[in-house]
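**Student:** Got a predicted structure here, sequence first:
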Amino acid sequence: MTRLSVNINKIATLRNSRGGNIPSVKDAAVNCQKFGAQGITVHPRPDERHITRKDVYEIKPLINTEYNIEGYPREEFLKMVAEVKADQVTLVPDKLNQLTSDHGWDTWDNLTFLKEVIARLKKNGIRTSIFVDPDPAAIEGAAETGTDRIELYTEQYARLYPLGRDKAVEPFVEAARVAVDAGLGINAGHDLNLDNLYFFYVSLPDLKEVSIGHALISDAIYMGLETTIQKYLNCLK
């Protein structure tokens, strides 16, 4: 079964818009797991516009599933994930103040850098994943870095899905084949939702994990968090 990791960044965005501690990201982490999520994802950014450094540390003792921390591997980030002993770190090529992750790594151009970062993370016992586009060359480069997994950036799939799901998923099926041949685990995320998740899941039988935040938290506004998580889990059965 593909694991569901819930990204709770949007809970922090709502909290930060008002100040205080409502809604509580700690309560969100606890309840997501209580309702069946098999992991919690956070993506702390340097400007702390949603998840803060304080959140990263305070959530850790509440995780009884998997703690996945996403981010660009700046020195401050690498120290933080080592201190909290993240279960998995997903490396993304974000620029400062970037609104959201919108592209994968050029793994060949950044090969030396990524090798050094991944070796450092593995020394701390942290599983690593690299955010990549569904590009066979980028995946082959990822394999050279020593990473354990890749995370396929699925915005392209979500955007094209309404126009034809078979064509939309095709490059991801090929990307998954290349990854498996290279000995890499496969994660995926970005714009996956209740409409397109099931077809993506059945098309990539080697998919280990999906990280979903924006759509899931948005759905929870209307359906409630427990019902929403169950619906997403049902897409992965």
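**Tutor:** Arrived safely, thanks for sending. Just so we're clear, the structure is a prediction, and the values are computed from it rather than from any experiment.
**Student:** For D195, list the residues it contacts.
**Tutor:** With C-beta atoms under 8 Å, 6 or more residues apart in numbering as the criterion, the residues that contact D195 are Y161. To be clear about C-beta, it is placed using only N, CA and C from the backbone, and glycine gets the same treatment.
**Student:** Wasn't it part of a helix?
**Tutor:** No: D195 sits outside any helix when classified using DSSP: H, G, I helix; E, B strand; the rest coil, being coil.
**Student:** roughly how far apart are it and Y157?
**Tutor:** Using C-beta to C-beta, to the nearest Å, one gets 11 Å for the distance from D195 to Y157.
**Student:** try D55
**Tutor:** Separation of D55 from Y157 (C-beta to C-beta) stands at 29 Å.
**Student:** ok, these two, which is more surrounded?
**Tutor:** Summary of the neighbour comparison: D55 and Y157, criterion other C-beta atoms under 10 Å, with Y157 having more neighbours (25 against 21).
**Student:** just checking, the more buried one is part of a strand?
**Tutor:** No: secondary structure assignment places Y157 outside any strand; it is helix (three-state DSSP).
**Student:** Determine the number of other residues adjacent to the residue nearest to it when sequence neighbours are not counted.
**Tutor:** If the residues on either side of it in the chain are set aside, Y157 comes closest to A168, at 5.0 Å by C-beta to C-beta, 6 or more residues apart in numbering. Using other C-beta under 10 Å, the number of residues around A168 comes to 21.
**Student:** In what element of secondary structure is A168 found?
**Tutor:** Taking DSSP states H and E as the criterion, A168 maps to helix 165-181.
**Student:** Skipping adjacent residues, who's closest to the most centrally placed residue in the chain in space?
**Tutor:** To find the centre residue of the chain, average its C-alpha atoms and take the closest one (C-alpha atoms, centre = their mean): that gives S211, at 4.2 Å. Spatially, and ignoring its direct neighbours in sequence, S211 is nearest to G189 (3.9 Å; C-beta to C-beta, 6+ apart).
**Student:** Just the buried positions in the host helix or strand of T13, please.
**Tutor:** Of the helices and strands defined by DSSP H and E, T13 is found in helix 9-18. Neighbour counts using 16 or more other C-beta atoms under 10 Å place N9, K10, I11, A12, T13, L14, R15 of helix 9-18 among the buried residues.
**Student:** for the helix holding A168, which positions count as buried?
**Tutor:** Using 16+ other C-beta under 10 Å as the test for burial, helix 165-181 gives R165, A168, V169, P171, F172, A175, A176, V178, A179.
**Student:** what mean pLDDT would you report for it?
**Tutor:** With pLDDT averaged residue by residue, helix 165-181 scores 98.
**Student:** Please apply the same query to stretch 114-129.
**Tutor:** Throughout stretch 114-129, pLDDT has a mean value of 98.
**Student:** which residues sit against the host helix or strand of E144?
**Tutor:** For E144, the element it lies in under DSSP H and E is helix 136-145. Taking contacts as C-beta under 8 Å, 6+ apart, the residues outside helix 136-145 that touch it are 104-108, 111, 114-115, 118, 130, 132, 150, 174-175, 178-179, 182-184.
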